[in-house]
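> predicted model, plus sequence, below.
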Amino acid sequence: MTSLWWQTGVIYQVYPRSYQDTNGDGVGDLNGIERRLDYLVGLGIDAIWISPFYPSPMADFGYDVAEYLDVDSRFGTLADFDDLLAAAHSKGLRVLIDLVPNHTSIQHAWFVESRASRSNPRRSWYIWRDPGPDGAPPNNWISDFGGSAWEWDEASGQYYYHAFLKEQPDLNWRNPEVRNAMYGVMRFWLDRGVDGFRIDVLWHMIKAADFPDNPPNSEWRPSMGEKDRVLQLHSTDQPEVHAIASEMRTIADSYAGSGQGPRVLVGEIYLPLDRLVRYYGPERRGVHLPANFQLINAPWEARALETLIANYESALPPDAWPNWALGNHDRSRVATKRGPVQARVAAMLLLTLRGTPTVYYGDELGLSDVAITPAQVQDPLELREPGLGLGRDPVRASMPWDGRANAGFSTAEPWLPLNSDWPARNAEKLAKDPSSILTLYRRLLAARRAYPALSAGAFRLLDATGDVLAYERGHDPGGMIVALNLGGSPQHMILPDRAATFRPLLSTIDEFVSIESGALLLRADEGVILTAA
Ligand code: GLC
Ligand code: CA
């Protein structure tokens, strides 16, 4: 079986507001991404996924789309997008864009019409319900950003449903007109040449037709945030969602023979494993990659990770391709969660597991979460539910590029504060430092290219004890062994007999790997790759 680019390749997520500003407004833009393409080529990734850049009132920083077929002037123009896409392709990079099909902005023309009157032809494009007997919301569903998920519309005397902010009304995906409209949006961008989509909140797209109350969550504690007061049993992950995934798949696959070849769909899905893997669809007709976020919150412990990986591998349906991530624009950064030294071990894990890795911008610099004072908060989630640690501003700070003012991100003050360590921790500095995490990322990415066992080979866990997580990639003979010390004390691992001829390829610390009488001696917080070839 030959592998496709989205299977062997590495995806890199760019949060466009924070990558590179080129017009001095303190907000990153599409031209900025284009300016940094050579950095990305040098890093060694294969594809970028750009978070939303559509026209938007920015109530949720672009995840509230007011127009799907254009670019917000803060990010540039459609022509800038075409330039970026052409430039990326000319350098061998693929481009995925963010599709936000579950909801629009309250300012989208469709919603403006839908809200205009009960008899408007677009009324049924959104989810409108009569109030309960006492004027209360139609049911107990809670917005992911806190509070009732129903907003009263005085003028038309009904509630509309919003899984997120009230500025983000949910589309009614049971309406075929909505489906066709959004499939038209997909074709618009596929025709322009995008290599795929990351699909926002795919599991939210269909709600139970009769809108029953969600059951209370007996494990709820206030520190979890409002959303988890109830279990989203009826408001998410309904069986009919899979038909949508497969319709989207059909569209994406219909472009496989044109232009640059296969396109990919990555679905954002936060669900338990058994329900997550259903999004591969019967006969793999669902999305190509239902995003696997398990590493983000997993206990950082060798046996626990071993189990997690084994369970994931065995839950995958036949021919389903795995994928992994350490973070994204909604979750605490890996360097903060795991600490700066384990962030290096995590990088080796991410880039050597079987499956497509997604690297969150800045993780290759070891960026940590930025401290945000209450006065600096911009994220609507933090503004609505302050102090619980739910806010996402800390993981969205600008990329520190070099030692110039504002870390070379902008000539103006960045829209969020920079990480305070930017004078030392910036791309230019780290690129020159052979022991930096950036250099490690480059080496790991180069190793994936040089050794197909890492990007496409078979996967097998190896027996290990203590803090060591170990596995083999590729087929016998040949292949590679990856051994990761997830703890802060030295560990040793008895190597399989056939590894006697293996040589060290890479350590997360330096070039000194020690193997003594058949055992690999791992230093504290060290990860090692051994290779047969
Ligand atoms: C997804 C996005 C998140 C956004 C939400 C609503 O979870 O990743 O940033 O707030 O959808 O669109
Ligand atoms: Ca700008």
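Arrived safely, thanks for sending. Ligands and ions are numbered 1, 2, ... in the order given.
> pretty sure residue 114 contacts residue 127?
No. In this structure, residue 114 is not within contact of residue 127 by CB atoms under 8 Å, at 9.7 Å. All C-beta atoms are positioned from the backbone trio N, CA, C, and that covers glycine.
> please, where are all the helices along the stretch 401-533 of the chain?
427-432, 437-450, 452-456 (DSSP state H, counting those that start in this stretch).
> which of these sits closest to ligand 2?
helix 427-432 (18.5 Å; CB to the ion).
> the residue of the stretch 301-450 of the chain found nearest ligand 1: what's it in contact with?
Among the residues of the stretch 301-450 of the chain, residue 330 lies nearest to ligand 1; the distance is 4.8 Å by CB to the nearest ligand atom. Contact analysis of residue 330 by CB atoms under 8 Å, 6 or more residues apart in numbering lists 392, 395.
> so the closest residue to ligand 1 within the stretch 1-150 of the chain: helix, strand or coil?
The stretch 1-150 of the chain approaches ligand 1 most closely through residue 63 (3.3 Å), counting by CB to the nearest ligand atom. Residue 63 falls in the coil class when you classify it by DSSP: H, G, I helix; E, B strand; the rest coil.
> and the pLDDT at it?
On pLDDT, residue 63 comes in at 98.
> same question for residue 476.
66.
> redo the helices of the stretch 401-533 of the chain as TSV? Include mean neighbour count and distance to residue 158.
Shown next, in TSV, are the helices of the stretch 401-533 of the chain (neighbours: other CB atoms under 10 Å; distance: least, CB to CB, whole Å):
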stretch	mean neighbour count	distance to residue 158
helix 427-432	17	51
helix 437-450	20	51
helix 452-456	20	52
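> was I right about the residue of the stretch 1-150 of the chain closest to ligand 1 contacting residue 200?
Yes. Applying CB under 8 Å, one finds residue 63 in contact with residue 200, separated by 6.4 Å.
> what touches both of these two?
52, 98, 100.
> which residues touch the second one?
By CB under 8 Å, 6+ apart, residue 98 lies in contact with 49, 50, 51, 52, 62, 63, 197, 198, 200.
> could these be laid out in TSV, adding neighbour count?
Converted to TSV, the contacts of residue 98 look like this (neighbours: other CB atoms under 10 Å):
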residue	neighbour count
49	24
50	23
51	23
52	25
62	24
63	24
197	26
198	26
200	20
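> these in strands, which ones?
Among these, DSSP state E puts 49, 50, 197, 198 in strands.
> not counting sequence-adjacent ones, nearest residue to the third one?
I take that to be residue 197. Distances taken as CB to CB, 6 or more residues apart in numbering place residue 99 nearest to residue 197, at 4.1 Å, with adjacent residues excluded.
> report how many residues lie close to the one you found.
The tally of other residues near residue 99 (other CB atoms under 10 Å) stands at 26.
> cool, residue 164 as well?
For residue 164, using other CB under 10 Å, the count is 23.
> roughly how far apart are it and residue 105?
11 Å (CB to CB, to the nearest Å).
> picking up where we left off before, take the helices of the stretch 401-533 of the chain and lay them out in TSV including distance to residue 472 and mean pLDDT.
Shown next, in TSV, are the helices of the stretch 401-533 of the chain (distance: least, CB to CB, whole Å; pLDDT from 0 to 100):
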stretch	distance to residue 472	mean pLDDT
helix 427-432	31	98
helix 437-450	15	97
helix 452-456	9	95
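> would you reformat these as CSV and include distance to ligand 2?
Shown next, in CSV, are the helices of the stretch 401-533 of the chain (distance: least, CB to the ion, whole Å):
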stretch, distance to ligand 2
helix 427-432, 18
helix 437-450, 24
helix 452-456, 35
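> how about the strands in the stretch 201-350 of the chain?
For the stretch 201-350 of the chain, applying DSSP state E, counting those that start in this stretch gives strands covering 264-267, 289-290, 323-325.
> got those as a markdown table, with distance to residue 512, mean pLDDT and mean neighbour count columns?
Listed next are the strands of the stretch 201-350 of the chain as a markdown table, based on distance: least, CB to CB, whole Å; pLDDT from 0 to 100; neighbours: other CB atoms under 10 Å:
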| stretch | distance to residue 512 | mean pLDDT | mean neighbour count |
| --- | --- | --- | --- |
| strand 264-267 | 38 | 98 | 26 |
| strand 289-290 | 37 | 98 | 26 |
| strand 323-325 | 28 | 98 | 22 |
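> of these, give the one that comes closest to residue 432.
Nearest to residue 432 among the strands of the stretch 201-350 of the chain is strand 323-325 (28.1 Å), distances taken as CB to CB.
> who in the stretch 201-350 of the chain is up against ligand 1?
Contact residues, the stretch 201-350 of the chain versus ligand 1 (CB under 6 Å from any ligand atom): 201, 268, 329, 330.
> quick one: the residue of the stretch 301-450 of the chain closest to ligand 1 from residue 511, how far?
Residue 330 is 37 Å from residue 511, by CB to CB.
> cool, residue 265 as well?
For residue 265, the distance to residue 511 - CB to CB - is 40 Å.
> excluding chain neighbours, what is closest to residue 147?
residue 226 (6.5 Å).
> give the contact list for the one you found.
With CB under 8 Å, 6+ apart, residue 226 has these contacts: 142, 143, 146, 147, 385.
> now tell me which helix or strand of this structure has the poorest mean pLDDT.
strand 514-516 (a mean of 93; mean pLDDT, DSSP states H and E).
> buried residues in stretch 398-416?
398, 399, 400, 401, 406, 407, 408, 409, 410, 414, 415, 416 (16 or more other CB atoms under 10 Å).
> make sure the second one is indeed in a helix.
No. If the criterion is three-state DSSP, then residue 399 is coil and not within a helix.
> hmm, it is touching residue 363, no?
No. If you go by CB under 8 Å, residue 399 and residue 363 don't touch, sitting 10.9 Å apart.
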